[in-house]
Structure formats: C-alpha cells, structure tokens
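Student: I'd like to go over a predicted model; first the sequence, then the structure.
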There are 2 protein chains.
Amino acid sequence: MTLESVINAQPALQAATSYPRGANVAERSAAPPSLAISTVIFALRPIEGTDRLALWLPLVRRIREPFKDQWALPGGPLSHQESLQDAAGRNLQETTGLKPRFLEQLYAFGGLQRSAQKNTQRVVSIVYWALVQPPEAALATESDNVRWVRADCLEELAFDHNEIVEYALWRLRNKLEYGSLAYHFLGERFTLAQVREVYEAVLNRQLDPANFRRQLKATVDIEETDEYLQGGKHRPPRLYRYTGNTETFN
Amino acid sequence: MTLESVINAQPALQAATSYPRGANVAERSAAPPSLAISTVIFALRPIEGTDRLALWLPLVRRIREPFKDQWALPGGPLSHQESLQDAAGRNLQETTGLKPRFLEQLYAFGGLQRSAQKNTQRVVSIVYWALVQPPEAALATESDNVRWVRADCLEELAFDHNEIVEYALWRLRNKLEYGSLAYHFLGERFTLAQVREVYEAVLNRQLDPANFRRQLKATVDIEETDEYLQGGKHRPPRLYRYTGNTETFN
DNA sequence: GCAAAAGTGTTTAATATACACCCATGA
DNA sequence: TCATGGGTGTATATTAAACACTTTTGC
C-alpha cells in the first residue's frame, strides 16, 4: 500500500457522514461521535540547495469535501480489532512503508468546530506522532497527491491540522533534550556530530560542538564503537551506539 | 449534583452495551467504539494523624457489572454538544462541585483488553486530570459509594484505572518543577512554605527551606504582597501571589 | 602543507547545595 | 526567655558556556 492509496481512506474518517434528512434533532444529537486516527510524521531532510537539515512532514491532498483539494495529515479509520497504538502504527506503515522506531500518542482533538460543515457527525481525532529516519522517509515518494513540506513553513491545511502540527512541534522540541528522542531520527550507529545536527535542526539554533559532545558523553546511555565513519572529507569521526531504552508509554 | 449521583452515569460509558443476538460478525465489528471521559482528581490532604500533606483522589464505587462493587475513577458520557475539555470540566463540576483551576487532558486509552467482558462494545476513554484546592476538595463529601484515598497506596481498581492513576502521578511529578502546576493546589495568596509543602508532598521528599525559597523567588512569576498570614504559632510569614499565566493547552 | 572537521583542555560564569545564623512571634 | 518556623548570608561544589588548542584526515 502506498502513501497515495490511503487518501481514499481519509474521507471516511475526517469528513463527516450526513444523517438521513428524516432524522430528528434528538436522534441526531444522540448519535455517537466517530473516531479517527491521524499521524504527524516528522523526518529530517536537507533544505533544498543547502546541506543543513530541517524538519519535514508528509501531507496528503484531500479528494472529497470538506476541504477538498486542501492538504491534510495522513489518517485512517479506527478498526474495531486493533488498539489505538496499533491503528496508528498500521496507518504509518501504510503511509511510509516502514515500522516507525518512535510512535507516541500526541493528543485527542475533539472540539466541535473541527469540521467546517454543518449538520455533520462529530469527529474525535486521536493524533499520534512519529519520527522516521531518512532512508525510511525516502520510501514515501511524492506525487500529485502526496507532498513533503517543511514543518516550520506550512500553508493552510484542512481541518485544525495546522494547530496539530504546531503542538507536535512544541512537544518535539520540549521532549528532545531530556530523552532518547533524537536517536529515532538516526540509524543504529551515528557520529556525535550527527546527533548535534538533529538537535540543531529541531531546536533551530547552533550548538557548540565541543560542549555538546561532552554533554552527550555524560549521558551514560551512549556507547562508543570501534568503528569510524569513512568517506568524509576530513578526519573520520568515531561511530557511537545508543544503549538506553527506546520504549514509549503504551 | 453530588459526587455520588454520577455513579449512575458510569455504566453508560465504561460498561459495555451488548449487541442484539441476531447481529452478524460483520455488523458487530463495524460498530463504532463508544467514547467515555474520566478524570483523575488530585487534592492535597493531611495524612491522618499527622500534619504532613499527601496526594488524595476521589473514587466512586461501581454499582453495575462489569467490576461491580469495585472502585473506579469518576467519569461520565461524552455529550454531543460539548468539547472534550468542556465534558471533562462538567464532569468535574458534577463531582467536586467546583470549577477546577487546572484541568488538562492526560491520555486517550483505547486498548482492547480494557473491559473484562467478552462480546462487549469497545470503549475508548479520554482521561483528564485536575488539581483542586483543599476547600474545594472538602465539598466532595464521602459516603458509602464515594471515598477519598491516598494516591500512592491504591487498592485494585476497576478497568485499567490503576495504570491511569500511575500515569497521572508520573505526569504530575514531571510537570511540577517546571511550571505553574503547584499553585493550582493553593489559593490566590499563599506563603512560600505552603508552596514548599506542595512540592514535598508531590515529590515525596524533604526540601531545604532556604534554598527552595530562593529558587522560587528567582521565578519572576511570583510577587510578594503586603500581607502576612496571622494566627500561626510563630513569626507570621509573608503572603505571595502567582502572576504567571495559568493557561493550559486547549 | 593547507583547510576543515574531530576531538581535548582550560578558564570563567552561572547555578545548586549545605548549613550557619539572625528575626519575629506565641506561649 | 525559649522554642520554632520565617527569612538572610555565605562558602563550596557542580554544572554550563566560551573558546583556545591539538589531532587527523582529504586534497
């Protein structure tokens, strides 16, 4: 399943099903809210023309009302047979093609003004967020209806998806410094400079290489290997491995 | 509405509605999950017999299956007319009788093993957590079916409510030091020693009064008043006011 | 050798901790 | 005046930041 193919699943969850015209008000308001799962997928990619990294996320174009032709977060329906976490994971797999190394619940959005349509069924969205590595991200190819965009210069998205991305960014920046988050953007082995690049891209500011290296090594959860990254222009840097646990809640 | 009276609302949300026997499997699995809202309500109360504070929360006794006669978090149905935040706030108001100064979404729980019953409708619970002040907490009177218990020595609760409380405690302890959380346990004016007592109760360890005072005053969000708390046994301490914003997300 | 990133050392400032000490009040 | 918590001062340890300097590679 490709990223594009999930677009067809979109309207089923975030667009709204109208009630039959004959339904009276009491019946309508008694109807249960429907449940949807969306995911904010962050990846680090170089800014075009430069070698500096920035945060990107994939969007899909809506092909039905409401918000037809606008861009939205990838999402899917909540199947009766899977947990919330599994539903989000499956959705991410269908979207990027790979199992995420980091997938965590972000927030449940259930405001009444989420859909611009009137007389629609209420939709509660449980939003997850994921971090993927560059090789994984490369599998989610672009097309007319799938696009990677920079997270910090978004156009207007469908529904309340702009706010959702803002919140995800806020969470990412807050959680970064005090946990294992950065390593989810990287492979199993990495140089300390690569970790610094992750921090610099996410926090959007320069960090002192010398001090950053010392702080990282003070973290006991990092372990040096005997290998060095070859092929660079300068002195080959040592490769490290993350040894802390990467478990998330639920 | 009293705390006790909301018990009757409980089964409607966390117990499960069986499907008619004639329904086939396809129809059954297509049925949408139902949505419930629960709230973990924390208050600081003295440990019996001492003057040290500890975290307490109110529980209600279930009067129907599943988990009949076991204790559970107060909860209520999600009305079609209100936002998630409003639904949680109304539920808290019905429970403790007062508008909370702090109410925030905790997590959406939607595991499939949440109910011990088979052949039941799936229930997704969006759980909020609240902090209330002692005078507010006093309004939630105890009865046969309503009890305040200490948060750190819970018996076995209904559903997965033990895990939910554990998670809420974890969040509380993490968020305490870096925000305005502590002041939600206190009134508009307070002494610095009272703030320290809140920290000591939540973090469950002693803090140096001198250093704590200095760190607090380094926070620009605190302002001294001209008033002093009279009636104590010793030197009357100065009263302070919190000037930071107490807004929460959503 | 030169440029550039890897990696180390050192100096300084900011912050946390420990604890001695004075202050103001009720009893 | 004594006990006690309120409140201040200070000396020390720990940590963060700034930046000079050495090392190792490709070209």
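Tutor: Received, thanks. Residues are numbered from 1 along each chain as shown, chains lettered A, B, ... in the order given.
Student: using the three-state scheme, assign A:D152.
Tutor: coil (DSSP: H, G, I helix; E, B strand; the rest coil).
Student: can you tell me the closest non-neighbouring residue to it?
Tutor: Distances taken as C-beta to C-beta, 6 or more residues apart in numbering or on different chains put A:L55 closest to A:D152, at 6.7 Å, once the chain neighbours are dropped. Using the backbone N, CA and C atoms, a C-beta is placed for each residue, glycine as well.
Student: what's the spacing between the one you found and A:N162?
Tutor: From A:L55 over to A:N162 the distance is 15 Å, taken as C-beta to C-beta, to the nearest Å.
Student: likewise A:F42?
Tutor: Going from A:F42 to A:N162 by C-beta to C-beta gives 15 Å.
Student: quick one on the thing from earlier: part of a helix, is the residue nearest to A:D152?
Tutor: No. A:L55 is assigned strand when assessed by three-state DSSP, not a helix.
Student: in terms of neighbours, single out the busier of A:F42 and A:N162.
Tutor: Taking other C-beta atoms under 10 Å in any protein chain shown, A:F42 and A:N162 do not tie; A:F42 has more neighbours (22 against 14).
Student: ranges for the helices of chain A?
Tutor: A:10-14, A:25-30, A:84-96, A:134-139, A:161-176, A:192-203, A:209-218 (DSSP state H).
Student: can I get those in a markdown table with distance to B:R147?
Tutor: Converted to a markdown table, the helices of chain A look like this (distance: least, C-beta to C-beta, whole Å):
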| stretch | distance to B:R147 |
| --- | --- |
| helix A:10-14 | 40 |
| helix A:25-30 | 33 |
| helix A:84-96 | 30 |
| helix A:134-139 | 50 |
| helix A:161-176 | 35 |
| helix A:192-203 | 46 |
| helix A:209-218 | 46 |
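Student: rank these by pLDDT, which is bottom?
Tutor: Sorting the helices of chain A by mean pLDDT places helix A:10-14 lowest, at a mean of 29.
Student: quick one: low-confidence ranges for chain A?
Tutor: In the predicted model of chain A, residues A:1-31, A:95-98, A:111-121, A:140-141, A:249-250 satisfy pLDDT under 70.
Student: okay, which residue is most central for chain A?
Tutor: With distances taken as C-alpha atoms, centre = their mean, the residue of chain A nearest its centroid is A:I41 (1.7 Å).
Student: how about the contacts made by that residue?
Tutor: By C-beta atoms under 8 Å, 6 or more residues apart in numbering or on different chains, the contact list for A:I41 reads A:57-58, A:74, A:92, A:95-96, A:100, A:129-130, A:132.
Student: A:E177: what's it in contact with?
Tutor: Contacts of A:E177 (C-beta under 8 Å, 6+ apart): A:Y199.
Student: look up phi and psi at it.
Tutor: A:E177 adopts backbone torsions of phi -70, psi -20, taken as degrees, to the nearest 10.
Student: now do it against A:T219, distance only.
Tutor: With C-beta to C-beta as the criterion, A:E177 and A:T219 are 11 Å apart.
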